[in-house]
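**Q** Give me the fold of what follows.
(3 chains)
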Amino acid sequence: MGAPPTQAALRRLAVTRRIIYLLVAVAVAVPSFCDLGCEFKPSPWVEKIFKKVESLKPGSPILLSFDFDPAAMEELYPMGLALLRHCFQNDLHPILMTHWPGGVGISKQIIEKAAKERDKLPGRDYVFLAFKPGYSNLVLNMGESLQGAFSRDFYNQPTAGMPALEGVRSLKDISLVVGLAAGATTEMWIAYGRDRFGFDLGAGCTAVITPDLYPFLNSGQLIGVLGGLRGAADYEKLVKRADRATKGMQAQSLTHVLIILLILGANAHYLWRRTRPNEKG
Amino acid sequence: MWYKLTIPLVMCFAMGLVAFVHEFVPHPWAAAFREEMTTWFRIMGGFAMFIGLYALLHLHVTRIRRQQAGWAYSAFVFLGAVLTIGAGVFEEIRAAVRDVPEGAFSPFDWLYDYVQVPCQATIFSILAFFMASAAFRTFRARNVGAALLLVSAVVVMFGRVPISEEVGRMLGAWDTFPRAADWLMEYPNMAVKRAIFLGISLGAISQSLRVLFGIERSYLGGGS
Amino acid sequence: MSRPVAATCIALACGLLAAAERPLAPPDAASFRAFAHPSDDGQTINLEWGRSPDEATGTYYVVEIASEEDFKAGRFRRVARVASLAKLKSDEKRLRDYDDEAANRANKRLHYLAVEPASVYPADAKTVRDRDYYFRLAIVGTRLATEKRPKPPEPRPEEPEKKPRMPLLAAATEKSKDFLEQLQALQKALGKAGETIEEKRPTLTTASYLPLVSDIEAKIAKVMVLHDECLDELRALDRELVRRGPEALKQDVADWKKEVAAAEKEAEEKRKNDRPRVEEEVVEVEKDGEPAFVSEGGAPKVVKARASLPPLVRPEADGFRAFDLPSDDGAAIAVEWRRSPSENGRTTYIVEIAQVENGVYGAFKKAAEVPSLGAEKSEQPKFFGFASANKKLHCVTIQPAAVFPPDELALRQKVVEEQMAWMPKDWAPDTDFPQHLYPLMKPLAAYIEVAKGICGGVEALEGRQAPRLREADKGFLPELARYRAYGERLRRFEAHVERRLAEALKDARRKASRKLYAFQVGIRRGDETLYIQQDGKPKEAMGAARPNGVKWFKLNNIILSLSFCAVVYAFIGLARRNPNLFIRKIAGLEAVEEAIGRATEMGRPVFFVHGLGGMGDLSTIAAVSILARVARRSAEYDTRVRVMNNDPIVQAVSQEVVKQSHTEAGRPDAYNADDVPLVAPDQFSYAAAVNGLMVREQPATIFLMGSFAAESLLLAETGASTGAIQIAGTDSYTQIPFFITACDYTLIGEEIFAASAYLSREPRMLGSLRGQDVGKAVVMLVLVAGTLALTLASALGHDWSIIQKLFEAF
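**A** Now for the predicted structure:
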């Protein structure tokens, strides 16, 4: 362990830090004022989920599990919105739920926004089941009986006899589930849902945990992954409705380039100092 | 006193053994026992929240009473708690007394949409700034290893954004950088992650054995 | 350039050119033939041929067919185009000989195709077996060519239609029309529900009432939404009538109608003038080259063949048995039998089951029908292992409780009767429902009257419609509340019945599974079914399901786990006898003492941040043991230690640990419970609070130990900005890179679990570390050796997949 940093060093560091924060703020803010218009190609894993949703016939149920809270909103909100827009575009009957109590409000916002755009009504065109505790036990219960696990939806309407749930008695009657996760819920859906009840499972997640899901892609337990803001932007491109994620990619591009330039600049400075005869490096 | 140590250790060992055995026994009794235990754990976990709530209240009340440094923050804790609980109670009473039409103003939802969501999103967003400053401070090519780390970080950061595809197009192949980034993430990164995860799993098993056999007792709270 | 060199170059160039233009070599003519097989289905003809030396990606085999008439006219039609590297005879399941591996290996040198003549000559579908067909085979190469095609038009992004805003009078009338429509639908539904009850009363159960009740509730909910919207519109209308008068409102409607007509005309014009541009795009397409036919005597070889339908052969009796499915919970019986030579894509196996009571068989019932080319015993290695003999057998698992389900109605009746004993004496859902339903009808009629009046338009202009609606509410809303209360009681009762019924059904299914059953298996082709027979009579196999005690498919897991435990335990014992076990230096743990010393010198506190895990997380347990040592050392140095907790139970444990540590250090007075607070149970609230404390209190040393998520960098970076020395340790490997970036020392992976042993130097703990390391060494050895062995096997063409199967995890 070296000597504690001197006050001068701490002050220099503090100034440098503030300059970096300012530059990052500018990089993030610039795309809000002008469209930089980057083209990009959706990744094959995102296309797989898109194609699977496309293949569902109108009126088919699709279960969406939005397992995140406001902290992960920036990456997963656009993803959820794009997915729901796609569902409503194709007249599917999305069934929305969450395993996180803090995710109910966000999920409600997303589905009501998407539903309003197409005059979709709860109960008739979609079902919002909201939250229920139980985690893996809840999934097992849903595999036995969906109406048993959720006797009422978020709007307090009984799920028995609901038109949007026609033909759906349990998870065995659902062919596609997409889970958006900020934690470990994807692994839970694989172990307790997909492997038991045989539906296709797609996942969306924050960028930091995307690599954790690659082994499941390779083994076929996941049909595709929407990774972070880029995954959301890819999906927006596929549904032909550019929104927050696409805009966010411009900010992300600028910020990444800025960080790379800062790193390269710092290294150049470091190497220059090392080559000076009086510097110890 | 011997029972303060012995009974928890025996319970720990017994439950650990049951959990281990349950993994390998398909008999319905094993599944039924597990379900029952899970229900009991959930009930007990719920009561733990009361302990935390009491400790929280005690801490902040003491701070306010003694007017310690930062006591205003403690007052703010109470203000936030009272407002949120009050909003929730108000809504329940309103719903019980009369039919509330859809779209009616909901104070609880307002607090969630305009206070909690922005606050949590803000704290999470600070990561962008911290990531930049941490990367700036740390990524120096001090030696071969650090240089490799630096190059990998640059390739992955660049390959993940659309601008890399534009640059790639200028160089003749749009997917050069994304493919390089994907390769780094799927092969070297995944290999190292698996290695670390293997070590963690074996370490966790060893730690679990120490806990089960009573060698590791710090979780009992009584020191050595 | 000299002459010899120039000549050599020209010759080389010609050679290359010749090679590039050389036609492809077709397979040997003698190998191209048609053949019959006992498993033929009478609709297809089997063709086989040898391999061409020019097989590669981009080359294809093309098979052509001609009927008698077409052959005489010299006309052949393409019936199949297969990739030259695909369709090997060894891949075809029904041709595999499970008793002759040499024959199967020989099949790898042949291609195979089953051709259905009816796909080219649909008129021959019923007479395929009576006709001869002629085949010839060629190999073709492909080349990429470009062609122009019209580009499919891009769908336009949807633009919201701009409609002129509806004036109040029109809006109120429209809303009232919707309201009236829903009211009438509700009235109809109420009437129909009443009729249903009257007709079917004797057969209705509480479960039957529930969908009716829910359906009416859903319709009433829709009506009430429209009611509220209608009320809002009427109130606004009443206010406008007072302010501007009826004539002004009528004028608004007239103006609006003109605007709507104008907008529609404009949209129509725009649609007419808007023609999408047709664009072309250049695409690459694969085109076939010149075919090289299999030839004989200078001309393409033609093979003549006819579809055959051999007689159906039943499977052998030997090998047919039923037994309890191993390693399960006693819900299934496995039935296995040998393959029939007649298996093909059009045959199936029928498995039938009958109950056996006191030696008497009940009627046989179909339990399963499986395609004969599937349901192999080898497809279920989890239960039956990897024995090669499994490939010769079929096996299906039957759940007797699914075929003979318990009488759900009778069970439900029983459960309802039991539950009714607990209900109040006046609880009678069958009479209660009409009593709650019919009172809704009269006030509903009042609503309809109001709505009809408003829809007429004239009455709307007279004003005061909103109070009329509110007046009608007085009759409807109380009845609605009573109806909803009834619905709620019924729903709770039904939910309870469903739960009890689920338990009763589970019990009944379990009992049903344990009984003895008899099984028959037959092979079916069209209308013909042949059962397995013994001594001229259908053979039955008997079996019963039993719950098993061990999941044998996890045996490898059990052995590995117990071996690892044994190694660790052995080293713990060894460490007791030889306490001086070497352990390498872990920089982060070596720095703990100095870090605490630094805090003492600077007179600033030590922060210990637990992270998000609960006491169930191993990393939290490890963190607590590190906390014990940190707290003790801090107490000895008279340095304040503050512990930041996210979980109440972790907080309680931390308080005890810190208190005990202070006592052991001889400083019980220095312990302050407020230094071990519950900061916040929410992730980012916790991060924000801890960051604030770090910035205000400026600790000299920060320990970040436990389970972390996204807040790791927030905490570490803030700590770095205060100039504190930071030591982090976590088992969340996604956060390790952030800690390495921002902290001075990081315990990576299992180093956090080694911490308690490292810091205490207790022999038993050190022994467990050594055992863990031995285990890790064994894993590494197996990984390397296994990879090398499988690579070698693959290179030599052997099958050493036993190595992989030993470690299979089910």
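
**Q** residue contacts, residue C:520?
**A** Residues in contact with residue C:520 (C-beta atoms under 8 Å, 6 or more residues apart in numbering or on different chains) are C:351, C:352, C:354, C:364, C:531, C:532, C:538, C:539, C:540, C:541. (C-beta placed from N, C-alpha, C; glycine too.)

**Q** mind checking which helix or strand it is in?
**A** Per DSSP states H and E, residue C:520 falls inside strand C:517-525.

**Q** so what strands line up beside that strand?
**A** strand C:347-357 (antiparallel), strand C:528-531 (antiparallel), strand C:541-543 (antiparallel) (DSSP bridges).

**Q** Residues in contact with the first one: which ones?
**A** Contacting residues not belonging to strand C:347-357 are listed as C:41, C:312, C:335, C:337, C:340, C:361-372, C:375, C:394, C:396, C:398, C:400, C:403-404, C:515-525, C:529, C:540, C:542 [C-beta under 8 Å, 6+ apart].

**Q** For ChimeraX, write the select line for the buried members of those residues.
**A** This is the ChimeraX syntax for the buried subset of the contacts of strand C:347-357, where burial follows 16 or more other C-beta atoms under 10 Å in any protein chain shown:
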select /C:41,312,335,337,340,364,367,368,372,375,394,396,398,400,403,404,516,517,518,519,520,521,522,523,524,525,540
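
**Q** Identify the spatial nearest neighbour of residue C:178, chain neighbours not counted.
**A** Nearest residue to residue C:178 in three dimensions, chain neighbours excluded: residue C:226, at 5.6 Å (C-beta to C-beta, 6 or more residues apart in numbering or on different chains).

**Q** Point out where the chain drops to low pLDDT.
**A** The chain I'm using is chain A. Applying pLDDT under 70 to chain A flags the ranges A:1-6, A:10, A:277-281.

**Q** wrong one, chain C
**A** C:1-21, C:152-163, C:202-207, C:275-277, C:428-431, C:456-463.

**Q** 50 instead, please
**A** Along chain C, segments meeting pLDDT under 50 span C:19.

**Q** With adjacent residues omitted, what lies nearest to residue C:131?
**A** Per C-beta to C-beta, 6+ apart, closest to residue C:131 is residue C:124, 6.1 Å.

**Q** Likewise for residue C:498?
**A** Setting aside the residues directly before and after it, residue C:498 is nearest to residue A:148 in space (C-beta to C-beta, 6+ apart), at 6.2 Å.

**Q** Which stretches in the stretch 1-150 of chain A count as helices?
**A** With DSSP state H, counting those that start in this stretch, the ranges of helices along the stretch 1-150 of chain A come out as A:7-33, A:44-55, A:73-89, A:104-117, A:136-144, A:146-149.

**Q** closest to residue C:56 out of those helices?
**A** helix A:44-55 (25.9 Å; C-beta to C-beta).

**Q** Quick check: closest non-adjacent residue to residue C:28.
**A** In this structure, residue C:28 finds its nearest non-sequential neighbour in residue C:50, 5.0 Å apart by C-beta to C-beta, 6+ apart.

**Q** Phi first, then psi, for that neighbour.
**A** Backbone torsions for residue C:50, taken as degrees, to the nearest 10, come to phi -80, psi -180.

**Q** residues contacting it?
**A** Here residue C:50 is in contact with C:27, C:28, C:31, C:32, C:109, C:110, C:111 (C-beta under 8 Å, 6+ apart).
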